[in-house]
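Student: Just to be clear, the model below is a prediction. Sequence and coordinates:
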2 protein chains.
Amino acid sequence: MIKRRTASPLDVSGSQPLYRQVEQRILRCLAEGEWKSGEQIPTEGQLAERFGVAVFTIRAGIAELVAANILARKQGKGTFVARHSRLRQRHQFSHIHDRDGRQVLPDRRLVSFGRSAATRLERDELALPATGRAVVCRLAMLTVLGGEIVSTLDIVLPGALFQRLTAAVIRAATENLYAAYQDTCGVNVIRIEEHVHAALASGREARALRVRAGAPVLRVERIASTYDGVPVEVRTRVLDAARYHYRTVEGGI
Amino acid sequence: MIKRRTASPLDVSGSQPLYRQVEQRILRCLAEGEWKSGEQIPTEGQLAERFGVAVFTIRAGIAELVAANILARKQGKGTFVARHSRLRQRHQFSHIHDRDGRQVLPDRRLVSFGRSAATRLERDELALPATGRAVVCRLAMLTVLGGEIVSTLDIVLPGALFQRLTAAVIRAATENLYAAYQDTCGVNVIRIEEHVHAALASGREARALRVRAGAPVLRVERIASTYDGVPVEVRTRVLDAARYHYRTVEGGI
DNA sequence: TTCGATTTGTTCGTATGTATT
DNA sequence: TAATACATACGAACAAATCGA
């Protein structure tokens, strides 16, 4: 992990506005681990001095990262690297709703935890080298709410990044799993892409979800990424379509 | 339609920051139809004078509306009410992808067009009065790509807002339907909410989509809203799950 | 084609208010 | 209370894009 202070001057020649360069520079500091989740980053004045620009310019760069939920500003305190455990954001990425339109926030139950070689597809999805050893961490879970099983949840993680992840850590995590990724492995998810499929329950899924085989299910496949778009998690969730659906909102004020 | 210039002074007492009041004021001008889609709104200087604040404050208010895709700024020209026909935004709300992960951008084929009384559910969804007459406009369409039927598409619109909408207008619309709403009826969609369900094809759906009855389908129900969150469209799309899926992206830079 | 007026884009300096410690 | 840090607000300057004379 490179810890060098990025003190090289910004490019004034006009290729990109200074505030965008500030944004990129901050993003690089985050990617390199100079500032970790929950930590306070330098104040506007300090960053202005470090990058050799005005406070106004620092502020403009930070603004975009705040809008993207990567940084959080607090009046009177400072600017912090956003954490997934913040209540407001705890279910930032949760899109499952029940028939009454209420958001479903179930608990997790870990069924199995292990490490093994990545399949070709997993190497592809996680951008792992096509040759050589590539170990992935596999989690099989169920989500439950009020004694009822809501979904199966299978997660695949690149082993190299998640060496410190254990079954105990998962079981102890009461919040968003991504908060555990931050705290235990220093991995910061900032982007997710989801593919929502309709399918018929396989035998295994039917038994897990307590539906008959061939019943309609929603299969949600997610790829989560960190800074620079590096994929760090692939998860598949399967839900009983009769009880749950997927909801999104776009636009608005 | 009220055309009064909102020239009453902003509230300096501090209940809300000036730039937020500017934002609200601009939004109100848009909702009241003072500035229509595609039109140029007054320059920063003019707005600053009209609202009695500095240009900086106007800019801060506009910035949020630009981020929400409601206004668009062009250097050297001015600030404009965003149009849905802009190529970049033409499929802003399109989430359908094929098995290869490519976004599907089909054409429309109008099957039927008519007006009739709203059902109780439609009154609910479109926020129409629970009593008295309430006419809705109904569109039944198919979307096709390369001779293949992609989805059924059923749209319900509040008749009062869409009095000038005709089958000819729909058939003539080559772009996003929301551009036609803007041009013909002055209705500006700025927010959508979608509910994605997995289901089994009904007989009618199976015939339309050329699949067998009981095949898994995706059913996407959308409620589109304008300024102030007023719902202006309910649309239902049904797709063959074997060929298409629903994709979203969240977060990132 | 050149030139100038207009409008937004970027950057800076400064001042005051408010939350936190 | 005092110091610190972000939030809001204003004024100013120059750059870049646009458009019409």
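Tutor: Arrived safely, thanks for sending. Numbering: from 1, shown residues only, chains lettered A, B, ... in the order given.

Student: okay but A:Ala224 is in contact with A:Arg235, surely?
Tutor: Yes: with contact defined as Cβ atoms under 8 Å, A:Ala224 and A:Arg235 form a contacting pair (7.4 Å). Where you see a C-beta, it was placed from the backbone N, CA and C, and this is true even at glycine.

Student: So which of the two has more stuff around it?
Tutor: More crowded of A:Ala224 and A:Arg235, by other Cβ atoms under 10 Å in any protein chain shown: A:Ala224, with 24 against 19.

Student: How about that one: what's its closest non-neighbour residue?
Tutor: Nearest residue to A:Ala224 in three dimensions, chain neighbours excluded: A:Glu233, at 4.1 Å (Cβ to Cβ, 6 or more residues apart in numbering or on different chains).

Student: who does the helix or strand bottoming out on mean pLDDT in chain A touch, helix- and strand-wise?
Tutor: Sorting the helices and strands of chain A by mean pLDDT, DSSP states H and E puts helix A:177-180 at the bottom, at a mean of 94. Contacts defined by 3 or more Cβ pairs under 8 Å, 6 or more residues apart in numbering or on different chains; DSSP states H and E place helix A:177-180 against helix A:167-172.

Student: same for the helix it packs on, what does it pack against?
Tutor: Using 3+ Cβ pairs under 8 Å, 6+ apart, helix A:167-172 sits against strand A:107-117, helix A:177-180.

Student: do you know which of the ones you listed lies nearest DNA strand D?
Tutor: Nearest to DNA strand D among the helices and strands packed on helix A:167-172 is helix A:177-180 (22.6 Å), distances taken as Cβ to the nearest atom of the strand.

Student: Give me the contact list for that closest one.
Tutor: The list of residues contacting helix A:177-180 from outside it, by Cβ atoms under 8 Å, 6 or more residues apart in numbering or on different chains, reads A:83-85, A:93, A:108, A:155, A:165, A:169-170, A:173, A:189, A:224.

Student: Neighbouring strands of the helix or strand just after that helix in the sheet, and parallel or not?
Tutor: Following helix A:177-180 in sequence order, the next helix or strand is strand A:191-200 (DSSP states H and E). Partners of strand A:191-200 in the sheet, by DSSP bridges, are strand A:216-225 (antiparallel), strand B:244-251 (antiparallel).

Student: Centre of the chain to strand A:191-200, how far?
Tutor: Centroid displacement of strand A:191-200 relative to its chain, using Cα atoms, centre = their mean, to the nearest Å, is 16 Å.

Student: How about stretch A:222-229?
Tutor: 7 Å.

Student: Please name every helix or strand in contact with the helix or strand encompassing A:Gln24.
Tutor: Element membership for A:Gln24 (DSSP H and E) is helix A:18-31. Helix A:18-31 sits against helix A:44-51, helix A:55-67, with contacts defined as 3+ Cβ pairs under 8 Å, 6+ apart.

Student: follow-up on the earlier one: looks to me like the residue nearest to A:Ala224 is in a strand.
Tutor: Yes: checked against DSSP: H, G, I helix; E, B strand; the rest coil, A:Glu233 lies within a strand.

Student: Check the contact between it and A:Arg222; I expect there is one.
Tutor: Yes: using Cβ under 8 Å, A:Glu233 and A:Arg222 qualify as a contacting pair, with a distance of 7.4 Å.

Student: out of these two, which sits in the more crowded spot?
Tutor: Comparing A:Glu233 with A:Arg222 by other Cβ under 10 Å, the one with more neighbours is A:Glu233, at 25 against 20.

Student: ok, the more buried one - contacts?
Tutor: Taking Cβ under 8 Å, 6+ apart as the test, what A:Glu233 contacts is A:155-157, A:181, A:189, A:222-224.

Student: now do 10 Å
Tutor: A:125-126, A:137, A:139, A:155-158, A:161-162, A:177-178, A:181, A:187, A:189, A:192, A:222-226 (Cβ atoms under 10 Å, 6 or more residues apart in numbering or on different chains).

Student: That one and A:Cys137: what is the separation?
Tutor: 10 Å (Cβ to Cβ, to the nearest Å).

Student: Which residues are in contact with each of these two?
Tutor: Common neighbours of A:Glu233 and A:Cys137 (Cβ under 10 Å, 6+ apart) are A:155-158, A:161-162.

Student: and the two most separated of those?
Tutor: A:Ile155 and A:Leu161 (13.0 Å; Cβ to Cβ).

Student: Residues that sit against both of these two, list them.
Tutor: Contacts common to A:Ile155 and A:Leu161, judged by Cβ under 10 Å, 6+ apart, are A:137, A:233.

Student: looking at the helices and strands packed on helix A:18-31, which is buried most?
Tutor: Most buried of the helices and strands packed on helix A:18-31 by mean neighbour count (mean count of other Cβ atoms under 10 Å in any protein chain shown) is helix A:55-67; its value is a mean of 18.

Student: Quick check: end-to-end length of stretch A:183-196?
Tutor: Stretch A:183-196 has an end-to-end distance of 29 Å (Cα to Cα, to the nearest Å).

Student: Rounded mean pLDDT for that stretch, please.
Tutor: Averaged over stretch A:183-196, pLDDT sits at 96.

Student: Off-centre distance for stretch A:128-143?
Tutor: The mean C-alpha position of stretch A:128-143 is separated from the chain mean by 16 Å, Cα atoms, centre = their mean.

Student: And stretch A:223-242, by the same measure?
Tutor: That offset, for stretch A:223-242, works out to 8 Å (Cα atoms, centre = their mean).

Student: May I see the buried residues of it?
Tutor: For stretch A:223-242, the neighbour count (16 or more other Cβ atoms under 10 Å in any protein chain shown) marks A:223-227, A:231-241 as buried.

Student: and which of these is nearest chain B?
Tutor: A:Ala241 (3.6 Å; Cβ to the nearest Cβ).

Student: ok, that closest one - contacts?
Tutor: Contacts of A:Ala241 by Cβ under 10 Å, 6+ apart are A:198-201, A:209, A:211, A:215-219, B:196-200, B:216, B:218-219.

Student: ok, now A:Thr236?
Tutor: Contacts of A:Thr236 (Cβ under 10 Å, 6+ apart): A:151-156, A:195, A:197, A:219-222.

Student: for the helices and strands packed on helix A:18-31, which one sits closest to chain B?
Tutor: helix A:55-67 (6.9 Å).

Student: what residues does that closest one touch?
Tutor: A:10, A:17-27, A:30, A:41-51, A:53-54, A:70-73, A:79, A:81-82, A:190, B:63-64, B:67, B:253.
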